[in-house]
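> A structural model of the following input is requested.
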Amino acid sequence: MSSPGPIRVVDHTSSIAGAYCSKLFVDGGAHVTLVEPPAGHPLRRRRMSQGGVPEGQDGALFAYLAAGKESVVGDTLGDTLGYEASTLAEALSELDAFLAAADIFMIDDPTAAATLEEVRRRYPHLVVLSITPFGLTGPYADRPVTEFIVQAESGGIACRGRPDRPPVQAGGEISEWTSGSYAAPAALVAARHARATGAGALIDLSMVECMAIAMSVFMDLAHSMGGSRPLTDRVARSVETPSIEPARDGWIGFNTNTGEMFQNFLLLIERPDLLADESLATFQGRQARIDEFREIVAAWTTRHTVAEILEKAAELRIPCAQVHTAQTMLDDEQLVARSVFVPNPTGGFQQPRRPYAIDGDFGTFGPVPALGRHDPPPSVDRSTRAATMPPAPSGPLPLAGLKVVDLTSWWAGPSSTHVLAMLGADVLHVESTSHADGMRLTGYAYGTADWWEWGHMFVAANTNKRGVTLDLKQAGGLAMVKELIAEADVVVENFAPRVAEKFGLDFASIAELNPTAVFARMPAFGLSGPWRDRVGFAQTMEQMSGMAWITGEPDHEPLIIRGPCDPIAGMHGATAVVFGLLERDRTGSGVAIEAAMVEAAVNCSGEQVVEYSAYGEVLERTGNRSPRRAPQNIYVSAEGPEATVAISIDTDGQWRSLVELLVGEDARDGGLGGVGPDATDADRARRADAIDIAIGAWVAERTVADAVDALVGAGVPAGAVVDPRVLNRHPHLVERRFYEVVDHPAVGSHPMPGMPYRWSGISAWISRPSPLLGEHTTEVLGQWLGLDAAAVEALADSGVGGSRPVGR
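Have a look, this model is predicted:
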C-alpha cells in the first residue's frame with residue numbers, strides 16, 4: 001500500500017504542553033517544524049534550578065523537548081494573531097509552504113479563534129490543534145492564567161493534602177504535561193482521518209478540562225451518585241494511608257487498592273493482629289485513625305531500608321516503590337536494566353527515551369535544532385492523498401468501523417481504549433464474573449443489589465464501550481476471546497506480563513491469531529527487567545517517577561499527586577496505537593507495541609532528570625509556591641477556610657497590576673507587603689512571606705467571586721480553588737458542554753465528562769453509558785462471531801460468561 005509519508009506538523013506553540021505534544025509526534029516518526037520568534041522559543045531560556053541558562057546554550061528542558069524537530073523563524077504570525085485580515089494574510093503567506101504540506105498545525109494562543117478560522121479556510125485539509133488553559137470559547141477563555149490556576153479551577157488542588165492543613169498543588173507543572181499527552185492521540189486520529197477524506201478539523205483542547213478528568217478522579221460524579229449532599233460535613237482532601245512512609249534511609253511508597261493488598265500490608269509490617277480490626281479495612285476507617293495508623297506503620301518502616309522493604313513487599317505482591325528524587329531515579333534498578341535514560345543527542349545530559357516500543361524498537365532522537373536553521377518543505381500534492389489511503393470509514397466519527405478488543409482494567413489501560421471509543425471505535429471491554437474490572441469496586445455501595453455497577457470511576461471512564469464477560473481462566477472463555485482477537489483491528493491489554501503470557505497473549509501468539517492487528521501491551525514496568533512481573537498503579541508511578549518528591553510542603557512528607565499517571569499512561573498508549581494504525585495503513589501488517597506505564601510517567605517528570613543531569617540540581621517541594629513565579633499561593637476568603645482563592649504572578653506587569661489593585665496608585669512608596677511595584681521576581685520571592693500576609697488580608701475581606709473578578713479584571717492570574725465534588729457545576733465547563741447528562745441503567749442520570757476538547761462537527765461525545773457487567777455479551781458474540789443466543793446462554797451456564805460477580 002502506498003503512503004503519503006510521515007505525519008507533518010507545524011508547531012506554533014510556546015508552552016510545555018505544546019512542546020511535549022509535538023515531542024510525542026516526533027517520537028512516533030512525525031516531521032515537526034517548530035515556528036519560533038527571532039529571540040527563540042521561551043523554553044530555550046528556561047531553567048528551574050538556581051542560575052540562568054549559560055549564554056549561547058539552550059536550556060536542558062528545551063533540548064529534551066525539541067530533539068529531532070526543525071526550526072524556522074516566523075514571528076510575524078504570532079505578532080498579528082487576531083489582527084485585520086490583510087495583515088493576517090501577509091503573515092500566513094510566510095508559512096504557506098509549511099501549512100500547505102502539513103497535516104497538523106498547533107497553536108496555543110487563546111485569542112486566536114478568528115485566525116484559526118482563516119487558517120482552516122485556506123487549508124481545509126489541515127488539523128488545527130489549539131491547546132489553551134480554558135479553551136477558545138466560554139466565559140473564562142480570555143482570562144490571565146498560569147498552570148497553578150489551571151490546577152485550582154479543575155479541582156486538583158482542593159483534593160490534595162491533610163484535612164487539617166491547607167490544600168497543596170501538584171508539583172512539576174503536571175497540567176502542562178498531561179494536556180500535551182491528551183492532545184497527541186486526538187490530533188493524530190484527526191490527521192489520519194483527514195488523509196483518508198481530505199477534511200481537516202479544529203480541535204479546541206482545554207487544559208482545565210484535561211485536569212478535570214485526570215486530577216479530580218471523578219469526585220463530582222461520586223458526589224452526584226451519592227445524592228449531592230451538602231458539603232459541610234467534610235473537606236474534599238485526604239492523604240492515603242498507607243502511602244508515602246519514612247524508611248530508615250529515605251521514603252518508601254505503598255499502594256493498597258484492594259482488600260487483599262491491605263491484608264498483605266499488615267503482614268508486611270508484622271501486625272497480623274490488626275487483620276481482625278474491621279475499622280482499618282476501609283479507606284474511611286483508616287482516615288479516621290490516620291495519626292494512630294501512621295505511627296504503627298512508621299514503627300516498622302523506620303527499622304528497615306528502602307531496599308529491604310521493596311524486596312519484602314514484592315514477595316507479598318504489594319505495589320511499592322522508592323520515592324525517587326532525580327538523583328536516585330537515575331540509579332533505579334528497573335529503569336537502569338531497561339536503559340530508560342539515554343544521552344540527549346546535543347546536550348549530552350541524560351533524558352528519558354521514547355516511552356514505548358514499536359516492534360521492539362524504542363527509537364532514537366535527532367539533534368536539537370539551532371534557531372531558524374531549516375528551509376521550507378518541498379511542495380506536496382494533497383489531491384492524491386485520499387487515493388493512497390484506505391477508504392474513509394463510515395459514520396461521522398473518525399474511528400468509526402475500527403474494532404478494538406479491550407483486555408484492560410483499572411484506569412490506565414481503560415483510559416487508552418476510552419479515547420478510541422469516544423472517537424468512534426467499537427471497543428469491547430472484556431471482563432469475567434470471577435475477575436471483574438477492579439475499578440468497579442471504587443466508591444462501591446454495599447447494600448445495593450447491584451453494587452458492582454456503582455463504581456463511579458468505572459462509570460465515568462468506560463462510556464461508549466460495550467461490555468463482554470468471558471472467563472480467560474476457562475478454556476471456552478479463552479477460546480472465545482481469541483476468536484474476538486482474530487476479528488479485531490486493535491487489541492490492548494495491561495495484565496502483569498506473567499499473567500498475559502499464561503493466557504497466550506504475547507506478541508508472537510497474537511500475530512499468529514491476527515497478522516494485521518495492532519497489539520498494545522501496557523504493563524506497569526515493561527516486559528523486561530527485574531520488576532517485569534510486579535504490579536503497579538498510578539500511585540506507584542507517582543512515587544517512582546519523582547512526581548511525589550516535588551509535591552507537598554517542604555517541611556512535610558512527599559505526597560502522591562493522585563490520578564494523572566493513569567490517564568498519562570493511557571494517552572501515551574493511545575498515541576502509540578494510532579501510530580501503529582498509521583504504520584498498518586502503510587504496510588498492511590500488524591504492529592506490536594510495548595508501552596510501560598512507568599516510562600510514560602518518567603517522560604512527564606523528565607524535567608527533574610534533565611535538570612539534575614545537566615546542572616547537578618535536585619528539584620524540591622515548594623508547597624503552593626513556585627521556583628519561577630512570585631507571589632503564588634492560595635488565600636482564605638471571607639466565606640471561610642475552605643473557600644480560597646489562587647493567585648499566581650507570571651510577569652512583572654502582572655505584579656504591578658496586583659500592587660495597584662490592592663494598594664492603589666500611590667503604591668510606589670510602600671508597595672505590597674513592603675515590596676514595591678518595580679520589584680523583580682527574585683525580590684518578590686525573597687519577601688514572599690510578607691507579600692502573602694498582605695494579599696491574605698485583602699482576600700479575607702471578600703468573597704471568592706468578588707476577589708477573583710477584581711483580580712482577573714486587573715489582568716492578574718487568579719481563580720477559585722474549586723471543590724472537585726461540585727466541579728460539574730463550574731460555569732465555564734457547563735458553558736463549553738464538557739459535561740453530558742448520561743442515563744445509566746443502574747445508577748441513574750448524572751453529568752459525566754466527555755472529551756477535554758471541542759471538535760468541529762462533533763456536538764456531543766457520549767453515545768452510550770458504561771456497560772453493565774456482561775451487558776453486551778450476546779450482542780457482540782452474535783455480531784462478531786455469529787453465535788446465537790442459545791450458544792451464549794450455554795457459555796453463561798458453564799461459567800464462561802454471566803452478569804453477576806461470582807460469590808456475590
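
> how many other residues sit next to Val610?
Val610 has 25 neighbours, counted by other CB atoms under 10 Å. Every residue, glycine included, has its C-beta placed from N, CA and C.

> for Val699, same thing?
Neighbour tally, Val699, other CB under 10 Å: 26.

> Same check on Val741?
By the measure other CB under 10 Å, the count of residues near Val741 is 10.

> check which helix or strand covers Ile485.
Assigned by DSSP states H and E, Ile485 falls within helix 475-487.

> Contacts for the next helix or strand after that helix next, please.
Downstream of helix 475-487, the first helix or strand assigned by DSSP H and E is strand 490-493. By CB atoms under 8 Å, 6 or more residues apart in numbering, the residues outside strand 490-493 that reach it are 402-408, 413, 416-417, 420, 425, 485, 500, 505, 510, 514, 517-522, 573, 577, 580-581.

> Sort out for me which of the residues you listed are in strands.
Residues of those located in strands (DSSP state E): Lys403, Val404, Val405, Asp406, Leu407, Val518, Phe519, Ala520, Arg521.

> Closest to Phe458 out of those?
Nearest to Phe458 among these is Asp406, at 12.7 Å by CB to CB.

> re earlier: buried set for the helix holding Ile485?
Gly477, Leu478, Met480, Val481, Lys482, Glu483, Leu484, Ile485, Ala486 (16 or more other CB atoms under 10 Å).

> Likewise for stretch 111-121?
Ala112, Ala113, Thr115, Leu116, Val119, Arg120.

> want to throw the residues you listed into CSV with secondary structure and pLDDT?
Output for the buried residues of stretch 111-121, formatted as CSV (DSSP: H, G, I helix; E, B strand; the rest coil; pLDDT from 0 to 100):
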residue, secondary structure, pLDDT
Ala112, coil, 80
Ala113, helix, 82
Thr115, helix, 82
Leu116, helix, 88
Val119, helix, 90
Arg120, helix, 92
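
> the strands in the stretch 351-500 of the chain, which residues?
Counting by DSSP state E, counting those that start in this stretch, one finds strands in the stretch 351-500 of the chain at the ranges 357-358, 403-407, 426-431, 466-469, 490-493.

> nearest to Leu527, of these?
strand 357-358 (8.7 Å).

> which residues touch the closest one?
Applying CB under 8 Å, 6+ apart, the external contacts of strand 357-358 come out as Gly28, Ala576, Phe579, Gly580, Glu583, Val591, Ala592, Ile593, Glu594, Ala595.

> Report the buried members of the residues you listed.
Buried among these (16+ other CB under 10 Å): Gly28, Ala576, Phe579, Gly580, Glu583, Val591, Ala592, Ile593, Glu594, Ala595.

> what residue ranges in the stretch 1-150 of the chain score low on pLDDT?
1-4, 75-91 (pLDDT under 70).

> Throw the contacts of strand 357-358 into a markdown table and include distance to Leu711, thanks.
Output for the contacts of strand 357-358, formatted as a markdown table (distance: CB to CB, whole Å):
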| residue | distance to Leu711 |
| --- | --- |
| Gly28 | 41 |
| Ala576 | 42 |
| Phe579 | 43 |
| Gly580 | 46 |
| Glu583 | 49 |
| Val591 | 50 |
| Ala592 | 52 |
| Ile593 | 46 |
| Glu594 | 47 |
| Ala595 | 42 |
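
> Now for Gln151, how many residues are close by?
Look at Gln151: counted by other CB under 10 Å, it has 31 neighbours.

> what's the answer for the one 10 residues further on, then?
Counted with other CB under 10 Å, residues neighbouring Gly161 total 24.

> Over to Ala461?
27.

> Distance from the chain centre to stretch 710-719, please.
27 Å (CA atoms, centre = their mean, to the nearest Å).

> what comes up buried for it?
So, applying 16+ other CB under 10 Å, buried residues of stretch 710-719: Ala710, Leu711, Val712, Ala714, Gly715, Val716, Pro717, Ala718, Gly719.
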